[in-house]
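Asker: predicted model and sequence follow; I will ask about them next.
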Amino acid sequence: MEHVLSEIKVLDLTASLPGAFCTMNLGDCGAQVVKVELPGGDPNRARGPLKNGASAFFAGLNRNKKSLCLDYTKPEGRELLLKLAASCDVVVTDDPSILDYEAAKAANPGVIYAAITGFGESGPLKDHLADDLILTAMSGMMDRTGRRGEPPMMPGVDFGGTYSGLALLSGIVMALFHKLTSGEGTRIEVSVLDCIFYMLELFVMNYSIDGKIVPKNGNQDTEVAPLGTFAAQDGYAAIAISSEGQWKKFCALVGADQLVDDPRFADNASRLANLEELIPEIGKITGAWKKDELVAAMGASKLAGGALKSVEEMVHDPQIRAAEMIVAGQDPVLGSLYRVGTPMKLGATPLDVTAMPAPALGQHTEEILHALGVSGPKIAELTQAGVVSQHTFSIRSANQNMKAIVCVKQVPDTSGKVAVNPDGTLNRASMQTITNPDDMNAVEAALRLKDETGCKVVVVTMGPPPAEGMLRELLAMGADEAVLVSAREFGGSDTYATSQILSAAIKKIGLDKDDVIFCGRQAIDGDTAQVGPQIAEKLGLPQISYVADVTREGDKVVCKRMLEDGYMVVETTTPCLLTCIKELNDPRYMSMQGISECYDKPYTVLDFEALKDDPLIDLTTIGLKGSPTNIFKSFTPPRRAPA
């Protein structure tokens, strides 16, 4: 797919967060980004947390880039750096001493030169050492953060670094448009201090009018009340009441009409003047609610409210997932991981945060030098002289021989009308079916293993024709094949019947030496936790229950098995069966691409004839002839039984 900046070449001379964040976004837009590193590499390669010696911080900021390991302090290295600058449309640096604008322009008169530094390239502090904390403190931002009367507080995130990186990105895009219309390159300069101070514009405007700065006020706004966070029964809720009409509506909603008539809270000015009295009153109200219930009630009344959430909660938040702001990724060293998606949704030319993982130091040295016209023997000479170097890491290759087979059960939907048999038992033939929610744990575990190893995911279920829709949804989520056991003659599905039929279906699919079978722990209409162990017993496989995490290491599967007071790590060989618990239930959403592709993926139906002769199935004990439960005793009644 064509990306918006796919024809743009970028020379990346950055290491700090602001510059690297900018070039990361350029790479997401499809630009061809070449990151130049001295021997020894970007210092952020060693920044924690580390896994297998690799840095998550570095991996996040340097996706969609290629790495050239070049000692540009040596004459031949400097010559190559200038040659590379001459071939690029954009040069991005956070240290102009490496390559200043004049040198870059001399090598490439039409270059767009973008420099981002702590204090900029002018003024008395231009050579001063900078750090996010220092810049945030000096900008005035920390003076606005914290509770009134208490010391300033450092913000919990480096928003100055990311915001200034986006400011530089905006400047580069504008410069590219200028070059498109005029043919001229240009110089862009961004100061992180300027960017943080820029966010304080409203305070400066107010100060210019009356010479005053309203003191900081913690989690309460200084201009509108009530607008802040308040304690609920189970956490905190943010409330924003910005007009008199909303104030009256809010008080009516929570049964506090007396506050409307209270002269202390008659209007916004009064509420601000009496904020210390207002906050406890609002706290009494919110303390009687659970945060999500309060927010839902406010939303239904067209009032602005939101539950305070942690980063961990947001990773699993349905709104964030629906917006594709969490993207499953794969790193050759770190393994499977989450990436934050891009907030910029370009319909015709979408951005891609997973096109290429962060490179090893000098991983693309030879490729980049060849593109510059450097011959193989010359590259060998430069390598011998220590001017360039190339490193590689062992990238996990997709294990196409491995299958992750997921057993997904269909269970009766008891939320609708159902019929009752003469003996008082439920007539399940009168029920619709739904996917067992706990089996989504197993689906997610299999998809994570696919993210890590590139294995094939096969989902198998037994059930009536509506089960096809469920299987298509799982294919759209990322499964590769689907198998439906449609034989109604088998009846329905107590634990004993289910384990026999699914075991036979797995044999039919083909169980190979590298395969892993996943099952959910139980079903919502009764405990079917024994389905997994019974399948393992019938197929002669090792089995691990209560699995909350799974990875593949060599020829073994390594699982985190939950205990009452913690967990234990268990290894097993393959093929094996794992029974997964709810901690793995991190459901994925169907992408438009997944939906469009799901009808092209293999879909197999196994009928009665395909499985009836399998010795694992005892037809005298299951189905119409003897299922131990009253499940589907009549499969195709002439009409639905009345409720």
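Answerer: Alright, I've got the coordinates.

Asker: care to break the chain down by domain?
Answerer: As assigned by automatic domain parsing, the chain contains the domains 9-198+325-389, 227-308, 403-625.

Asker: least reliable of those domains by average pLDDT, please.
Answerer: When the domains of the chain are ranked by mean pLDDT, domain 403-625 comes last with a mean of 76.

Asker: ok so, going back, which stretch among the domains of the chain comes nearest Met205?
Answerer: domain 9-198+325-389 (12.4 Å; Cβ to Cβ). Glycine gets a C-beta too; all of them are placed from N, C-alpha and C.

Asker: C-alpha coordinates for stretch 121-129, CSV please?
Answerer: C-alpha atoms of stretch 121-129 as CSV (Å, rounded to 0.1, in the frame of the first residue of the first chain):
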residue,chain,number,x,y,z
GLU,A,121,20.2,27.8,18.4
SER,A,122,20.0,31.4,19.6
GLY,A,123,19.8,33.2,23.0
PRO,A,124,22.0,33.0,26.1
LEU,A,125,21.1,29.4,26.8
LYS,A,126,21.7,27.9,23.4
ASP,A,127,24.7,25.9,24.6
HIS,A,128,23.1,24.9,27.9
LEU,A,129,22.6,21.2,28.7
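
Asker: which residues are contacting that stretch?
Answerer: Stretch 121-129 is contacted by residues Pro96, Ala115, Thr117, Gly118, Phe119, Gly120, Glu189, Leu193 when judged by Cβ atoms under 8 Å, 6 or more residues apart in numbering.

Asker: in strands, which of those residues fall?
Answerer: Ala115, Thr117, Glu189 (DSSP state E).

Asker: so which of those is the most crowded?
Answerer: Among these, the one with the most neighbours (other Cβ atoms under 10 Å) is Ala115, at 25 neighbours.

Asker: how near is that one to Leu361?
Answerer: Distance, Ala115 to Leu361, using Cβ to Cβ, to the nearest Å: 24 Å.

Asker: how about Leu471?
Answerer: 44 Å.

Asker: for Leu180, same thing?
Answerer: Look at Leu180 and Leu361: by Cβ to Cβ, they are 35 Å apart.

Asker: also Leu200?
Answerer: Applying Cβ to Cβ, the value for Leu200 to Leu361 is 39 Å.

Asker: of the domains of the chain, which is nearest Gly211?
Answerer: domain 9-198+325-389 (15.5 Å).

Asker: now the end-to-end length of the closest one.
Answerer: Across domain 9-198+325-389, the terminal residues are separated by 22 Å (Cα to Cα, to the nearest Å).

Asker: now do the buried residues in the longest strand seen in the chain.
Answerer: When the chain is parsed with DSSP E, its longest strand is strand 543-553. The neighbour-count check on strand 543-553 (16 or more other Cβ atoms under 10 Å) flags Gln543, Ile544, Ser545, Tyr546, Val547, Ala548, Asp549, Val550, Arg552 as buried.

Asker: out of those, flag the one nearest to Ala297.
Answerer: For these, the nearest to Ala297 is Ala548 (34.6 Å; Cβ to Cβ).

Asker: what's the spacing between that closest one and Pro437?
Answerer: The value you get for Ala548 to Pro437, if Cβ to Cβ is used, is 17 Å.

Asker: do Gly235 as well
Answerer: 24 Å.

Asker: all helices of the stretch 251-400 of the chain, in order?
Answerer: Secondary structure of the stretch 251-400 of the chain (DSSP state H, counting those that start in this stretch): helices at 257-261, 268-273, 275-286, 291-300, 311-315, 318-322, 365-371, 376-384.

Asker: which residue packs closest to Ile287, ignoring adjacent ones?
Answerer: One correction, residue 287 is Gly, not Ile. Leaving aside its sequence neighbours, Gly287 sits nearest to Ala231 (Cβ to Cβ, 6 or more residues apart in numbering; 5.9 Å).

Asker: and the one you found, that one's in a helix?
Answerer: No - read with DSSP: H, G, I helix; E, B strand; the rest coil, Ala231 is strand and lies in no helix.

Asker: correct me if wrong: Ser87 contacts Leu372.
Answerer: Yes - in this structure, Ser87 is within contact of Leu372 by Cβ atoms under 8 Å, at 6.5 Å.

Asker: what is the burial count for the closest residue to Glu367 other than its chain neighbours?
Answerer: Leaving aside its chain neighbours, Glu367 sits nearest to Lys66 (7.2 Å; criterion: Cβ to Cβ, 6+ apart). Around Lys66 there are 20 other residues, counting by other Cβ under 10 Å.

Asker: and for the one 4 residues further on?
Answerer: Using other Cβ under 10 Å, Leu70 has 26 neighbouring residues.

Asker: Phe58 - that's part of a helix, no?
Answerer: Yes - membership of Phe58 in a helix is supported by three-state DSSP.

Asker: show me where the stretch 351-500 of the chain has strands.
Answerer: 388-389, 403-407, 410-412, 419-420, 426-427, 433-435, 456-462, 481-485 (DSSP state E, counting those that start in this stretch).

Asker: figure out which of those strands is closest to Leu511.
Answerer: That would be strand 403-407 among these, by Cβ to Cβ, at 7.6 Å.

Asker: packing partners for that closest one?
Answerer: helix 439-453, strand 456-462, helix 495-509, strand 516-520, helix 531-539 (3 or more Cβ pairs under 8 Å, 6 or more residues apart in numbering; DSSP states H and E).

Asker: before we move on, back to that, closest to Ser270 out of the buried residues of strand 543-553?
Answerer: The closest of the buried residues of strand 543-553, once distances to Ser270 are taken by Cβ to Cβ, is Ala548, at 53.1 Å.

Asker: my read: the closest one touches Leu563, true?
Answerer: No - counting by Cβ under 8 Å, Ala548 stays clear of Leu563, with 10.2 Å between them.

Asker: quick one, phi/psi of Tyr113?
Answerer: Phi and psi for Tyr113, reported as degrees, to the nearest 10, are phi -110, psi 120.

Asker: any idea how far it lies from Met174?
Answerer: From Tyr113 across to Met174, the span is 14 Å (Cβ to Cβ).

Asker: neighbour count winner among the two?
Answerer: Tyr113 (26 against 13).

Asker: returning to what we had before: more neighbours: which of Leu471 and Leu361?
Answerer: Neighbour count, other Cβ under 10 Å: between Leu471 and Leu361, Leu471 has more, with 24 against 21.

Asker: residues contacting the more buried one?
Answerer: Counted by Cβ under 8 Å, 6+ apart, Leu471 has contacts Val408, Val459, Thr461, Ala482, Leu484, Tyr603.

Asker: the fifth one: neighbouring residues, count only.
Answerer: The number of residues packed near Leu484 is 23, by other Cβ under 10 Å.
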